[in-house]
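Colleague: Build me a model:
(chains A, B, C and D)
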Protein chains: 2
Amino acid sequence: MVTFKEVGDTMSYTIYDLAKDADVSVSTVSRVLNKSGPVKESTKQKILKVMKEKNYKPNVYARALNNIGLKTIGVVVSDIANPFFAEVIKGLDTIAREHEYNLVLCSTSNNPETERKELTLLLEKQIEGLIIIGSRPTDDPNREFLLKISHDFPVVLINSYIRGGDKMYSILVDEKKATYDACQHLIDRGYERIFLLGDPAWATTLKKLDALKDCLSDNHLPYEDEQFIGTYYSYTAGKPAVNELINKYNKERFAIFCCSDMIALGALRELKAMNISVPSQVAVVGYSNTPVSGLTSPSLTTVDQRMNELGEKGMLLFIDILKGKKPKHRKTYCDYELVIRETT
Amino acid sequence: MVTFKEVGDTMSYTIYDLAKDADVSVSTVSRVLNKSGPVKESTKQKILKVMKEKNYKPNVYARALNNIGLKTIGVVVSDIANPFFAEVIKGLDTIAREHEYNLVLCSTSNNPETERKELTLLLEKQIEGLIIIGSRPTDDPNREFLLKISHDFPVVLINSYIRGGDKMYSILVDEKKATYDACQHLIDRGYERIFLLGDPAWATTLKKLDALKDCLSDNHLPYEDEQFIGTYYSYTAGKPAVNELINKYNKERFAIFCCSDMIALGALRELKAMNISVPSQVAVVGYSNTPVSGLTSPSLTTVDQRMNELGEKGMLLFIDILKGKKPKHRKTYCDYELVIRETT
DNA sequence: ATGAAAGCGCTAACAC
DNA sequence: GTGTTAGCGCTTTCAT
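Modeller: Sure, this is the predicted structure:
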């Protein structure tokens, strides 16, 4: 199959060769390899020496066969190209590397069936566990499946939560609170009519909508159904939504809370194209603080979810679990920060 | 170690159990599993039936021990959070999934030593080969190492090229040509003084600088050393560079060619902050066409490298190699496109 | 067409 | 402290 190997592949140097060269038995070698038993210091040194010389690398698959973890963790994400997720992965990777773990990446394109397939594929590879990034769909078709998986493998959810998975742990941001804060900020700035743009297919959107309603109500402001505008979750989704809004509310002053920076960026662009003044007529708030959101002009007010931190904490938690520690709480909240910039 | 497994882990259903249940021998089962020999249709069906029923999954590690590929490919990238790379990975992943391959991801933080470590770690995991994304440093400290690796493993380079690696294959964009085109476009628009912002630590930057020089020369325009401005490769790198330029060339009309959209976005932002009119006084060109570059205002003229395509083609090439096909050329060029928007 | 048995490289009892 | 050996789950000759 792999023709390339045929060429240069000197048959690999196994633990037997090493044992022979060091004039000991394989078990002794294995002992120093795994620190799994007493070995006389001198023989240990002898073995170590030969190990260096011959550049011996244990075959991880043979080890895996003996139920030694492979130091590989499955990571499932809906879309790698989403800067939000990319940052999370970066955080995961940073910590993983420190602990000599590798990540096996799967992207599901937001398709539950693909997710299922990928998950199955992943599990066959004896990864040590699973980290799943991102909000779950409103009516998660893979909920049961994930619950089942979590019975056998440690599962950590980043920025989502699944009911009933008493063996699943979540790292998340209190999105409801964050959204509430952002809305309050808008109200404080004098915007009384706030529209929320987001994809209703995601549980998180609904949570944010709740926050908006709460905030409005707490401020004795009305909420009407038309204040929620369903969009896709993409860079282009903002445009039609803004068009619709401007056509409808022409000269009125209002604010737009976007459930993601991607949507906000598109909205912002369209507002400028339509020559609407931001923020004096229309205010815009994004969500995620992706790197670029500070570079637009006007720069975007947004909720910083500390994505990197989310990833890092997630991996730390995961490794703890792997080590046998049982976390006290199933949810760990991370801080967020409302980054106020020029669009509000 | 993995305490979780202790709980639900019913001892796995092996090929032996399957053989017993289907009333055949393991070798027969193995044959149908790998289509590696003749099996009577009826027994085959019998085996397949039990396989479904018991939901048998072969242990990939046992197979790996027998030199069956693990269907896992190592991917090395300097920074996952870079949208350029993220898009490439997405492309890789799309094709990989179609062929039931998984990606093991490593990020090196642009650190050659980290890269070396990660590479070593990766190779131990009997991945079937390596895909390395992104430009190599000007004086690549890992060149030899990679050459050695490529002797034993298929290696595909995305957007870079390494001399002498007769077993390494590259998918790339003709950056010199692309840059030349962009510069010519600037000249056509009437900008005669073009500055190039980029990180001299990367081979690609030098290539682009060459293109600028060539283009200038072909247009009988002078080039002076100060037209190259060394920057880091980040969102923030554009700011100081722009400051410097504006201070120096105050009211003159000039153009900035940025070796990445990230740099360009930062530059653009700073120009607006300094109230410099774009493009009438200063033109800006980016490189990569990251998704956001169309959403800034003014929107960014940039070179679209078709990152997704780069990834997809790379993976296709890789899989071909895995199948034993020997590509004719060591370099495969992908198309690019100069996307002219509002900054020029 | 099918089965028996010898490995693949390593770990982990169990002996000494 | 060290060696012997029986697996781990699968593939692959080699017989039949």
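
Colleague: alpha carbons only for contacts and neighbour counts from here, please
Modeller: Fine.

Colleague: quick one: contacts for the residue nearest in space to the middle of chain A?
Modeller: Nearest residue to the geometric centre of chain A (CA atoms, centre = their mean): residue A:133, 3.4 Å. Applying CA atoms under 8 Å, 6 or more residues apart in numbering or on different chains, we find residue A:133 in contact with A:75, A:76, A:77, A:78, A:85, A:88, A:157, A:158, A:159, A:160.

Colleague: which ones among the residues you listed come in contact with DNA strand D?
Modeller: When contact is defined as CA under 7 Å from any atom of the strand, these do not meet DNA strand D at all.

Colleague: okay if I get these as CSV plus pLDDT and secondary structure?
Modeller: What follows is the contacts of residue A:133, written out as CSV (pLDDT from 0 to 100; DSSP: H, G, I helix; E, B strand; the rest coil):
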residue, pLDDT, secondary structure
A:75, 95, strand
A:76, 95, strand
A:77, 95, strand
A:78, 92, coil
A:85, 91, helix
A:88, 94, helix
A:157, 97, strand
A:158, 96, strand
A:159, 93, coil
A:160, 93, coil
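
Colleague: Give me the buried stretch members for stretch A:188-199, please.
Modeller: Neighbour-count burial for stretch A:188-199, counted by 16 or more other CA atoms under 10 Å in any protein chain shown, picks out A:191, A:192, A:193, A:194, A:195, A:196, A:197, A:198, A:199.

Colleague: Tell me the one of those residues nearest DNA strand C?
Modeller: Set against DNA strand C, the nearest of those by CA to the nearest atom of the strand is residue A:199 (48.4 Å).

Colleague: Do I have it right that the closest one meets residue A:237?
Modeller: No. Assessed by CA atoms under 8 Å, residue A:199 is found out of contact with residue A:237, at 9.6 Å.

Colleague: Next, show the common contact partners of the two.
Modeller: residue A:231.

Colleague: got the residues of the stretch 51-200 of chain A near chain B?
Modeller: Applying CA under 8 Å from any CA of the partner chain, we find that the stretch 51-200 of chain A lies next to chain B at A:57-62, A:64-65, A:79-83, A:86-87, A:89-90, A:93, A:100, A:102-107, A:121-122, A:124-126, A:128, A:151-154.

Colleague: Just the buried ones from these, in PyMOL syntax?
Modeller: In PyMOL, this line selects whichever of those come out buried by 16+ other CA under 10 Å:
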select buried, chain A and resi 57+58+59+60+61+62+64+65+79+80+81+82+83+86+87+89+90+93+102+103+104+105+106+107+121+122+125+126+128+151+152+153+154
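
Colleague: so who does residue A:294 touch?
Modeller: Neighbouring residues of residue A:294 by CA under 8 Å, 6+ apart: A:300, A:341.

Colleague: correction: residue A:217
Modeller: Here residue A:217 is in contact with residue A:223 (CA under 8 Å, 6+ apart).

Colleague: Output the below-cut-off pLDDT ranges for chain A.
Modeller: A:1-11 (pLDDT under 70).

Colleague: who in it is up against DNA strand C?
Modeller: Applying CA under 7 Å from any atom of the strand, we find that chain A lies next to DNA strand C at A:11-16, A:26-27, A:30, A:33-34, A:36, A:57-60, A:62-63, A:65-66, A:68.

Colleague: Filter these down to just the ones in helices.
Modeller: Of the positions in those, A:15, A:16, A:26, A:27, A:30, A:33, A:34, A:60, A:62, A:63, A:65 sit in helices, assigned by DSSP state H.

Colleague: Okay, and which of the residues of the stretch 51-200 of chain A next to chain B map to strands?
Modeller: A:102, A:103, A:104, A:105, A:106, A:107 (DSSP state E).

Colleague: For the residue in the stretch 101-250 of chain A that chain B sits nearest to, name its beta-bridge partners.
Modeller: In the stretch 101-250 of chain A, the residue that lies nearest chain B is residue A:104 (4.3 Å; CA to the nearest CA). Using DSSP bridges, the beta-bridge partners of residue A:104 come out as residue A:74, residue B:104.

Colleague: how near is it to residue A:278?
Modeller: 43 Å (CA to CA, to the nearest Å).

Colleague: cool, and residue A:62?
Modeller: For residue A:62 relative to residue A:278 (CA to CA), the value is 62 Å.

Colleague: Over to residue A:194?
Modeller: Distance, residue A:194 to residue A:278, by CA to CA: 14 Å.

Colleague: next one: residue A:250
Modeller: Separation of residue A:250 from residue A:278 (CA to CA): 14 Å.

Colleague: ditto for residue A:165
Modeller: 44 Å.

Colleague: got it, and residue A:86?
Modeller: 29 Å.

Colleague: Quick check on the contacts of residue A:133: which are buried?
Modeller: Buried among the contacts of residue A:133 by 16+ other CA under 10 Å: A:75, A:76, A:77, A:78, A:85, A:88, A:157, A:158, A:159, A:160.

Colleague: so the fourth one makes contact with residue A:109?
Modeller: Yes. With contact defined as CA under 8 Å, residue A:78 reaches residue A:109; the gap is 4.9 Å.
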